[in-house]
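Student: here is a sequence with its predicted model. Questions after.
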Amino acid sequence: MLSAIPPGSAVASGSDTLKILIADDSDSDRLILQAMLRKQGHEVVTAVDGMDAVERFRAERPQIVLLDALMPRMDGREAARRIKALAGEALVPIIFLTSLSDAEELADCLAAGGDDFLSKPYNRIIIEAKINAFNRMRMMHATVQAQRDHIRERNEQLLLEQKTARRVFENVAHRGCLEAGNIRYLMSPLSIFNGDVLFACPKPSGGMHIFLGDFTGHGLPAAIGAMPLAEIFYGMTSKGFPIADVLREINQKLKRILPTGMFCCGAMIDMNLQLQEVEVWNGGLPAGYLIRTDGSRVRLVSDHLPLGVLPAERFSPECVRYTLLRDERVLFCSDGILEATNGNEEMFGEARLLEVLDNCDSPDKVFDELTLAVRRFTGSVESRDDISLVEVAMVPEKMLDVHQSVISTGLTGPSDWRCAYELRDETLSTFNPLPLLLHICMEAPGLRLCSGQIYTILAEMFSNALEHGILRLSSTLKGSASGFSRYYEERERRLKQVGNHFIRFELEHISQENGGRLLIACEDSGPGFDYTHQEECPQASAPYGGRGIMLLRQLCDSVVYCGSGNRIEAAFEWSFQQRSMGKH
């Protein structure tokens, strides 16, 4: 059986002394050539016919072969074919020894694997020149092969490293709620690592954050920024930080770690399913669209620079807020959609995207129609950029089976503890204590299963104390959409004037046999209110926020007012099996 010469054999030698096989059935011709080559310093192996030549080549591994074209048992052409097969990828020059003059016969020798000819009678100078020339060619071929093999090994190593990094990245980046029923997305990576990123994470207070980003570049360089971005996005969202704080932290991190000229174009969406509101921030991505059920749409243009460009003091996380009806949706894509090309080098472009939106008769068909239009347009043309598309629909929160992911830790938290936390004066208008308070509560490991309920309890207590206890705002303003806007405008105005006030939280956790009991007290420096009427009629509207009080009663095992109504104490009991929303 024929076998290829293994790498590292004598065929790859760069020595000036060569091993040369002479195959000729003429004893005199064979002896003449042997004498010439040995005088030139080469080692000579001889064979008397084609069959012998193949066997000697297999045994001796010569680097150049001088082969007579006409020999008994096996002619030179067949021997050449077998020797080339044995040589495999190695270059073993075969020089035919011939007195043939017919052009077709000479061509057959070359077709069989021959590289050149030596005509009889032999010329010593010509033989030496040809052997030296073919030796240089052989050495160059061996160098190219070695470089090719080195490149292949390095490429395989790089691909293995990228696949390993990809697995790590996916473990970091694909927690969350991308598979929620109101999210549809398309991610078409150009390389192992996609320069585009898409994250979605439920908020402890309900609803979700969604982020679509497009890093400069592709492959591993793009992932350098994507991994810390994912950690910040999921970590801060799951702890209850608002969209503005998440954006600030992402921008500051990317600005610090990315080299000059590398950044992330991105759009972030805060979807509040309970209030049917959406906040949108767009920094460098193509314009997104808010698609209404009546057929109209709102263009969500980029009014910020990409993330990682501006320093913290110049960065703006300001979002645009919209009210959405049920089944209305937000659509964003990366520039890979607009820059997708067909066979004529035409780009898909925004005009074709708008044509799809114009011709779609229902918001729930937009995603399918757009992806189909892009595929039809590009046909079999390979994409030059990563293609990403995401659509988020407004649906009732109760329709989604979205659970806050619990991030496990190797640390063992305290089971029994107590702490107090107080905000004073202007800090009340500039700092949101909820993520910090939630983090403190989550130190009890089993309590992490109830992070959503705990966040809601803390949020309701804090908003009631700040907005109704200190700012003295009335919930009756929230009776309409316009009243809701006036409520928050007045809230911002009064916050700027707040002073000589405080809000104090007292937290205590007591371990129990199958779980624990979390005691939360919230006290503000406001004048309080007559809570006796509220306790008698818990569903009635009260100056202290009737909806919040009703929600607290549903979530907690007990809710008690103290003093003049400016202190509220709640108890939350939990077990190691995740408890459902509401009381046991």
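Tutor: That came through, no problem.
Student: quick one: low-confidence ranges for the stretch 151-300 of the chain?
Tutor: 169-175, 189-194, 217-223 (pLDDT under 70).
Student: would you map the strands across it?
Tutor: Shown for the stretch 151-300 of the chain, the strands assigned by DSSP state E, counting those that start in this stretch span residues 183-188, 196-202, 208-215, 264-272, 277-283, 288-291, 297-300.
Student: out of these, deepest packed?
Tutor: Comparing the strands of the stretch 151-300 of the chain by mean neighbour count (mean count of other Cβ atoms under 10 Å), strand 208-215 comes out on top with a mean of 27. Any C-beta I mention is one placed from the backbone N, CA and C, and that applies to glycine too.
Student: among the strands of the stretch 151-300 of the chain, single out whichever gets nearest to residue 345.
Tutor: strand 183-188 (19.4 Å; Cβ to Cβ).
Student: list the pairing partners of the closest one within its sheet, with orientation.
Tutor: Sheet pairing for strand 183-188, assigned by DSSP bridges, gives strand 387-393 (antiparallel).
Student: quick one: name whatever helix or strand follows the strand it pairs with.
Tutor: strand 417-424 (DSSP states H and E).
Student: elements contacting that next one?
Tutor: helix 434-441, strand 502-512 (3 or more Cβ pairs under 8 Å, 6 or more residues apart in numbering; DSSP states H and E).
Student: quick check: mean pLDDT of the following helix or strand past it?
Tutor: Using DSSP H and E, the helix or strand that directly follows strand 417-424 along the chain is helix 427-430. For helix 427-430, the mean pLDDT works out to 86.
Student: export helix 427-430 to PDB, keeping only CA atoms.
Tutor: What follows is helix 427-430, C-alpha atoms only, in PDB (Å, rounded to 0.1, in the frame of the first residue of the first chain):
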ATOM      1  CA  THR A 427     -29.300  63.200  49.200                       C
ATOM      2  CA  LEU A 428     -33.000  62.400  49.100                       C
ATOM      3  CA  SER A 429     -33.200  64.100  45.700                       C
ATOM      4  CA  THR A 430     -30.000  62.700  44.200                       C
END
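Student: and the next helix or strand past the helix or strand harbouring residue 550?
Tutor: Using DSSP H and E, residue 550 maps to helix 546-555. Downstream of helix 546-555, the first helix or strand assigned by DSSP H and E is strand 558-562.
Student: which strands and helices lie in contact with that following strand?
Tutor: For strand 558-562, the packing partners by 3+ Cβ pairs under 8 Å, 6+ apart are helix 531-536, helix 546-555, strand 567-575.
Student: deepest of those, which one?
Tutor: By mean count of other Cβ under 10 Å, the helices and strands packed on strand 558-562 have strand 567-575 as the most buried, with a mean of 20.
Student: still on that earlier bit, take the strands of the stretch 151-300 of the chain and lay them out in JSON lines including distance to residue 492.
Tutor: What follows is those, written out as JSON lines (distance: least, Cβ to Cβ, whole Å):
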{"stretch": "strand 183-188", "distance to residue 492": "32"}
{"stretch": "strand 196-202", "distance to residue 492": "27"}
{"stretch": "strand 208-215", "distance to residue 492": "23"}
{"stretch": "strand 264-272", "distance to residue 492": "18"}
{"stretch": "strand 277-283", "distance to residue 492": "16"}
{"stretch": "strand 288-291", "distance to residue 492": "24"}
{"stretch": "strand 297-300", "distance to residue 492": "24"}
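Student: rewinding a little: strand 558-562 and the helix holding residue 550, what's the angle between them?
Tutor: Relative orientation of helix 546-555 and strand 558-562, computed by axes from the mean of the first three to the mean of the last three Cα atoms, to 10 degrees: 130 degrees.
Student: look up how far residue 438 lies from the nearest residue to residue 483 once chain neighbours are set aside.
Tutor: Leaving out its chain neighbours, the residue that sits closest to residue 483 by Cβ to Cβ, 6 or more residues apart in numbering is residue 477, at 4.6 Å. In this view, residue 477 and residue 438 are 28 Å apart by Cβ to Cβ, to the nearest Å.
Student: next up, the contacts around residue 504.
Tutor: Each residue near residue 504 by Cβ atoms under 8 Å, 6 or more residues apart in numbering is listed here: 420-423, 522-524.
Student: bridge partners for residue 523, pull those for me.
Tutor: The partner residues for residue 523, given DSSP bridges, come to residue 504, residue 567.
Student: what's the neighbour count on it?
Tutor: For residue 523, the number of neighbouring residues by other Cβ atoms under 10 Å comes to 22.
Student: against residue 253, how distant is it?
Tutor: Residue 523 is 36 Å from residue 253, by Cβ to Cβ.
Student: count the residues that sit near the closest residue to residue 76 other than its chain neighbours.
Tutor: Using Cβ to Cβ, 6+ apart and skipping the chain neighbours, the partner closest in space to residue 76 is residue 69 (4.2 Å). Residues within reach of residue 69, counting by other Cβ under 10 Å, total 23.
Student: tell me the contacts of residue 69?
Tutor: 75-77, 96-98, 100, 105, 109.
Student: again, 10 Å this time
Tutor: 24, 50, 75-77, 79-80, 96-100, 105-106, 108-109, 112, 114, 117 (Cβ atoms under 10 Å, 6 or more residues apart in numbering).
Student: same question for residue 31.
Tutor: Applying Cβ under 10 Å, 6+ apart, the residues near residue 31 are 22, 24, 46.
Student: over to residue 333?
Tutor: Counted by Cβ under 10 Å, 6+ apart, residue 333 has contacts 186, 196, 212, 214, 267, 285-289, 353, 370, 374, 387-391.
Student: list the beta-bridge partners for it.
Tutor: residue 389.
Student: that one and residue 113: what is the separation?
Tutor: Residue 333 is 56 Å from residue 113, by Cβ to Cβ.
Student: what do you get for residue 271?
Tutor: 69 Å.
Student: do residue 279 as well
Tutor: Counting by Cβ to Cβ - residue 279 and residue 113 are separated by 72 Å.
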